[in-house]
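Colleague: have a look at this prediction, sequence included:
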Amino acid sequence: LPLELAERGTLVQTRPGQPLPLSLGGEETVFVVRMATLLFQLTIGDDSRQGVALLYPGDVFRSAFAPAGPAAQLVALSSGKVLRYRYGAFSKIMSTSLEARSYFDQAVARQTARQAIHLAAVGQLDSSQRLVTFLVELATQIGVPASEGRIVFEMPLSRSEVAEYLGLNADTLSRTMSRLRSEGLLTQPDRHTIFVRDFGALAALSPVAALLLALPRMTSKTGKVR
């Protein structure tokens, strides 16, 4: 993270289920995710909430990205760290630091591309392909190498939240997960931990996995990968 952003943000220690206010004293806020997974969601109708986008380490979020009013909410899904800025201060950093501006632009571009892939998957792919695409995304965004070449990550959403996010029936989701486990692609030692045993074979089941894997990584103005 550029030094100007790292030093001037307010560090927020997140906990699962914690809402992050989209304004401070009526002023717009900006968040930079350091070590957490966040969910941007909208309330539809009286009380139905729909997850719209997931934010991972390195992502940024301006409250101006959200519709005005109480229907929009940004929620932490995991314990971690997020930097928060008042927009006025953030805007000043953007105007004086080329590196900070480049970081912000790259992050927004990457997130926009990822969101486009998600919308295409939900709109065009079958239930199994949607789930596999989502698992590939999680593995690439928050997965860490484990023994025997596996990738492990903590599922940030509950089963019902995953079903809603992917536009699936909960029973269909459960059957598809069971099939992936029976085929030896995944193992789940507990409810939230997922080991991807063969990432290549899993990615091969998604028509858009190559697009996810091709997304640019965050780089500094010198071109070095962060």
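Modeller: Right, received. Where do you want to start?

Colleague: enumerate every residue touching Ser79.
Modeller: 13-16, 36 (C-beta atoms under 8 Å, 6 or more residues apart in numbering). (Glycine included, C-beta is placed from N, CA and C.)

Colleague: farthest pair in those residues?
Modeller: Farthest apart among the contacts of Ser79 by C-beta to C-beta are Gln13 and Pro16. That separation is 12.0 Å.

Colleague: all strands for this structure, in order.
Modeller: In the chain, the strands defined using DSSP state E lie at 10-14, 19-20, 23-24, 27-35, 38-44, 48-55, 60-62, 72-76, 80-86, 144-145, 151-154, 186-187, 193-196.

Colleague: of all those strands, which gets the most neighbours per residue?
Modeller: Stretch with highest mean neighbour count among the strands of the chain: strand 60-62 (a mean of 21; mean count of other C-beta atoms under 10 Å).

Colleague: parallel or antiparallel, which strands does it pair with?
Modeller: Using DSSP bridges, the strands paired with strand 60-62 are strand 27-35 (antiparallel).

Colleague: what about the strand it pairs with, distance to the chain center?
Modeller: Relative to the centre of its chain, strand 27-35 is centred 14 Å away, using C-alpha atoms, centre = their mean, to the nearest Å.

Colleague: who touches it?
Modeller: Residues contacting strand 27-35 (C-beta under 8 Å, 6+ apart): 1, 5, 9, 20-23, 38, 55-64, 74, 80-88, 90.

Colleague: do the same with stretch 171-187
Modeller: Here stretch 171-187 makes contact (C-beta under 8 Å, 6+ apart) with 127-128, 131-132, 135, 159, 162-163, 166, 188, 194-198, 201-202.

Colleague: which residue comes closest to the residue located most distally from the centre of the chain once chain neighbours are left out?
Modeller: Residue farthest from the centre of the chain, counting by C-alpha atoms, centre = their mean, is Thr96 at 28.3 Å. Excluding the flanking residues, the one nearest Thr96 by C-beta to C-beta, 6 or more residues apart in numbering is Glu4, at 7.6 Å.

Colleague: Ile117 against Leu213, yeah?
Modeller: No: counting by C-beta atoms under 8 Å, Ile117 sits too far from Leu213 to count as a contact (10.6 Å).

Colleague: these two: which is more packed in?
Modeller: For Ile117 and Leu213, the more surrounded residue by other C-beta atoms under 10 Å is Ile117, and the numbers stand at 18 against 12.

Colleague: pull the contacting residues for that one.
Modeller: 133, 137, 208, 211-212.

Colleague: scan the residues you listed and report the most crowded one.
Modeller: Neighbour max across the contacts of Ile117 (other C-beta under 10 Å) = Thr133, 26 neighbours.

Colleague: what distance do you get for that residue to Phe31?
Modeller: As judged by C-beta to C-beta, to the nearest Å, Thr133 and Phe31 stand 25 Å apart.

Colleague: what's the answer for Val82, then?
Modeller: Distance from Val82 to Phe31, by C-beta to C-beta: 5 Å.

Colleague: touching both of the two, which residues are there?
Modeller: Taking C-beta under 8 Å, 6+ apart as the criterion, Val82 and Phe31 both touch 20, 38.

Colleague: low-confidence regions, this protein specifically.
Modeller: Where the chain drops to pLDDT under 70, the residues are 69, 217-226.

Colleague: just the helices in it please.
Modeller: Assigned by DSSP state H, the chain shows helices spanning 3-8, 87-96, 98-124, 127-142, 159-166, 170-182, 199-203, 209-213.

Colleague: contacts for the last one next, please.
Modeller: If you take C-beta under 8 Å, 6+ apart as the criterion, helix 209-213 is touched by 113-114, 117, 132-133, 136-137, 140, 203, 206.
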